[in-house]
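> Sharing a model that was predicted from the sequence below.
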Amino acid sequence: MRQSVYDDAKERQNSRITRPKVLLVVGHPSIGAALETLLRIEDRFEVRRAQSIEQAVAGLEGWPADLALVDGVLVPNGRTEELAMPAIVLSGNAADGKRLVSRFAEGRGWLRKDATAEEFRAAIDRALGGRGVWARSDRGLALVVVAVAVLLIALAIAWYALRLRG
């Protein structure tokens, strides 16, 4: 399981938090910038962009992405793409999305191009097997663990108080 750790503590205050690396493969600069901004809003993902599948295959200066979001218009006809990471295809409709994702060796599904930030986050978490930092299920589990710990402490204090009374 590959996860990233920020190397430069001056870059962000949360320098030791691991976050999935997401590569946006989008040809149009404005659309790529908008999607990058959308993914960076919650500061859950490390995001970089490539403008073509060839650029993504060549790699981005030793930056191994955990997942690629690939614009469906960049997927060529008739060949299987061999990206070094799983991929989600961005498409306008389900039929095209399903057809295009089958062209990736590690296709993990498709997503509408106009998806909301929540839909992007959920799709990325599903594709990565829930590895996102503090996913909702992790928060729920943490809350249950804290509640059980508080209950055990309260029971221990009550038992101790009853023992002191005799």
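All right, it came through fine. Computed from a prediction, not measured in an experiment: that's the story for all the values here.
> Return the set of residues that bridge with Lys21.
Assessed by DSSP bridges, Lys21 has beta-bridge partners Glu46.
> quick one: contacts for it?
Residues counted as contacts of Lys21 (Cβ atoms under 8 Å, 6 or more residues apart in numbering) are Arg2, Ser4, Phe45, Glu46, Val47, Arg48, Trp63, Pro64, Ala65, Asp66, Leu67. The way it works is simple: take the backbone N, C-alpha and C, and place the C-beta from them, glycine included.
> And for Gly107, nearest residue in space, chain neighbours not counted?
Distances taken as Cβ to Cβ, 6 or more residues apart in numbering put Val101 closest to Gly107, at 3.8 Å, once the chain neighbours are dropped.
> just to revisit the earlier point, please indicate which of the contacts of Lys21 are buried?
Ser4, Phe45, Glu46, Val47, Ala65, Asp66, Leu67 (16 or more other Cβ atoms under 10 Å).
> Now distance to Glu81 too, for those residues, in TSV please.
Rendered in TSV, the data for those read as follows (distance: Cβ to Cβ, whole Å):
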residue	distance to Glu81
Ser4	23
Phe45	22
Glu46	22
Val47	20
Ala65	14
Asp66	17
Leu67	14
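> that older thread, out of the contacts of Lys21, list just those in strands.
Members of these lying in strands (criterion: DSSP state E): Ser4, Glu46, Val47, Arg48, Leu67.
> and those residues as a markdown table, adding pLDDT and distance to Ile124?
Shown next, in a markdown table, are the ones in strands among the contacts of Lys21 (pLDDT from 0 to 100; distance: Cβ to Cβ, whole Å):
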| residue | pLDDT | distance to Ile124 |
| --- | --- | --- |
| Ser4 | 45 | 14 |
| Glu46 | 91 | 12 |
| Val47 | 92 | 10 |
| Arg48 | 92 | 14 |
| Leu67 | 93 | 6 |
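> Where does the prediction get shaky in the chain?
Across the chain, the ranges flagged by pLDDT under 70 are 1-17, 59-60, 130-141.
> Spatially central residue for it, please.
Central residue of the chain (Cα atoms, centre = their mean): Ile124, 4.1 Å from the mean position.
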